[in-house]
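Visitor: Here is the input, now give the coordinates:
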Amino acid sequence: MDRRPSAFGLSFVLHVAALGFITATAPPEYWRLSARGSGSGVTKVSNERLPFSGVPGEPTLPPADETKDLEPIVDPKAPTTLIIQGFTFDFSKVSDRATELFPFLTLQLPLDSRAVEHGPQARARLLNPFAKAAASDPNPPLVLSDNAVQNVVDSAWSRRYRWRVFRPVRELAMKYNADAGRLPLVLRRYADETMLQPYLDTEIADMRLWTELGIAADHSDYISYITRYASAHPSSKATTELLFLLDKLAQGSYDALVTLINMSPQRMDWTRSTNPKAFELFTLMRRYYRAELERKNLGDYVALRLFFDRIRVAILTGIVKTTPNGYRASDARFLIGSIYWRQLREADAVLSWREMRIDAEDSYAGAAARMLEVIRRAGPDLQRIDRGAINDVVDEERRKWVRFWESRLERFGYAFDVY
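Guide: I've put the predicted structure just below:
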């Protein structure tokens, strides 16, 4: 009997578990970078965004400073609050996890060498014989009206502090069935309506930077939680929803990392004048992660984006291989195909999209139907592929996301550039 689906799921959970272990070891409150050898070790670096060869519009990372050592600054009494024109932010959690803000960087890729299977075997395997039936979960199904579901999701919403207000959702997940009832819907709506919010710069760049770093500081908490839940409820609908949440965490981690390494210290005057310790923390973290990326051969935006893309594909592949009875497998395949399409890997994108099956309950059901029609018209060898039509499908999903978040933020009194 073929047990590869369950083996993949176990391997994936173990990799995520390793992430949770790594991020559980928080560094001291502040860190100082000291140069090896003589001299101050301070290098003035341009923040100009230069085009990457062959990929218009993709900037390269500024060169890293000289290799540094980390030395803790023990200063537990230093204030950890920033107040900038009504923007109040406690950066203590950021400082506590200064060198572990981006746990996805610690992954060793590939997470699993096996690609997503295609063709009839893949479709048959979606009916996972190793999936736990809903009856195996002793918890009762969650019964909530649509309004009650929305109230739970809204109660866990935050523009800046995510983990601490995630508690009501965690409590429901602990008490109710992972497959039957409305818990999977609550988790899906939470991921879609709270995570991966858009952030735009204002004249005061400090607000966006600290907001994104504060969100990144919560990522290890989410990863540890998802690891524990997936281990206790393998191949369940709730776990599938949490893996989609993990995919959003990876995207948010990339965005926050790029914001940090690309932020010029000259734009952080408000932080410098309000709390010098916060400014010091920012400059040290910026140098530290630029050096880390250089050491990992991720010293330009294209390499960094590809690294995070591979993490996302691994997560989404895990969903396809372990989700019970094909639950939201087509959503995962749509996202995998979209990643490959952006990378100009047309054949791989189409291969992923061709395996989609329309389910009205899926988040990307409409987009999947339109994409499958474009692929059908292209013919078996894609000789008549309409790239413009494919771009339209992908771009329309992006526009829907922007429109949704414009309305969602307005509901809570925010906008893209309000933090």
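Visitor: For E203, see how far away P324 is.
Guide: 49 Å (Cβ to Cβ, to the nearest Å). C-beta here means a position set from N, CA and C on the backbone, and glycine is covered the same way.
Visitor: more crowded one of those two?
Guide: P324 (23 against 8; other Cβ atoms under 10 Å).
Visitor: L304 against L260, yeah?
Guide: No. Using Cβ atoms under 8 Å, L304 makes no contact with L260, being 12.0 Å away.
Visitor: Where does pLDDT dip in the stretch 51-200 of the chain?
Guide: Applying pLDDT under 70 to the stretch 51-200 of the chain flags the ranges 51-78, 107-135.
Visitor: Tell me where it has helices.
Guide: 92-96, 120-125, 146-155, 167-175, 183-194 (DSSP state H, counting those that start in this stretch).
Visitor: Turn these into TSV, columns for mean neighbour count.
Guide: Compiled in TSV, these are given as follows (neighbours: other Cβ atoms under 10 Å):
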stretch	mean neighbour count
helix 92-96	20
helix 120-125	12
helix 146-155	14
helix 167-175	15
helix 183-194	22
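Visitor: which stretch among those helices comes nearest Y225?
Guide: Minimum separation from Y225 across the helices of the stretch 51-200 of the chain (Cβ to Cβ) falls at helix 167-175, 6.8 Å.
Visitor: tell me the angle of the closest one relative to helix 183-194?
Guide: Note on geometry: by axes from the mean of the first three to the mean of the last three Cα atoms, to 10 degrees, helix 167-175 and helix 183-194 are set 160 degrees apart in direction.
Visitor: quick one, phi psi at R345?
Guide: phi -100, psi 70 (degrees, to the nearest 10).
Visitor: distance of it from S264?
Guide: When Cβ to Cβ is the yardstick, R345 and S264 sit 34 Å from each other.
Visitor: immediately after the helix or strand containing E373, which helix or strand?
Guide: E373 belongs to helix 365-378 when assigned by DSSP states H and E. Sequence order places helix 387-411 as the next helix or strand after helix 365-378, per DSSP H and E.
Visitor: got the buried residues for that following helix?
Guide: If you call a residue buried by 16 or more other Cβ atoms under 10 Å, then helix 387-411 has these buried ones: I390, V393, V394, E397, W405, R408, L409.
Visitor: Mind picking the one among these that's closest to D269?
Guide: So of those, ranked by how close each gets to D269 (Cβ to Cβ), first place is L409, at 26.8 Å.
Visitor: May I ask you to confirm that the closest one is in contact with F416?
Guide: Yes. Checked against Cβ under 8 Å, the pair L409 and F416 is within contact range at 6.9 Å.
Visitor: From the rest of the structure, what touches the helix holding E373?
Guide: With contacts defined as Cβ atoms under 8 Å, 6 or more residues apart in numbering, helix 365-378 is touched by 330-331, 334, 337, 350, 353-354, 356, 358-359, 362, 382, 384-386, 389-390, 393, 396-397.
Visitor: And for the helix or strand hosting G337, what's in contact with it?
Guide: G337 belongs to helix 329-342 when assigned by DSSP H and E. With Cβ under 8 Å, 6+ apart as the test, helix 329-342 has contacts from 116, 126, 244, 247, 309, 312-313, 316-317, 319-320, 323, 346, 348-353, 355-359, 362-365, 367-368, 371, 390, 394, 397.
Visitor: Keep only those of those residues that are in strands.
Guide: Among the contacts of helix 329-342, no member is found in strands (DSSP state E).
Visitor: Quick check on those: which are buried?
Guide: The buried subset of the contacts of helix 329-342 - by 16+ other Cβ under 10 Å - is 116, 126, 244, 247, 309, 312-313, 316-317, 319-320, 323, 348-353, 355-356, 359, 362-365, 367-368, 371, 390, 394, 397.
Visitor: Nearest residue to A368 in space, please, no chain neighbours.
Guide: Spatial nearest neighbour of A368, chain neighbours left out: M356 (4.6 Å); criterion: Cβ to Cβ, 6 or more residues apart in numbering.
Visitor: could you measure the one you found against D192, distance?
Guide: In terms of Cβ to Cβ, M356 sits 19 Å off from D192.
Visitor: give the contact list for V313.
Guide: I336, I339.
Visitor: Count the neighbours of S158 for me.
Guide: Neighbour tally, S158, other Cβ under 10 Å: 15.
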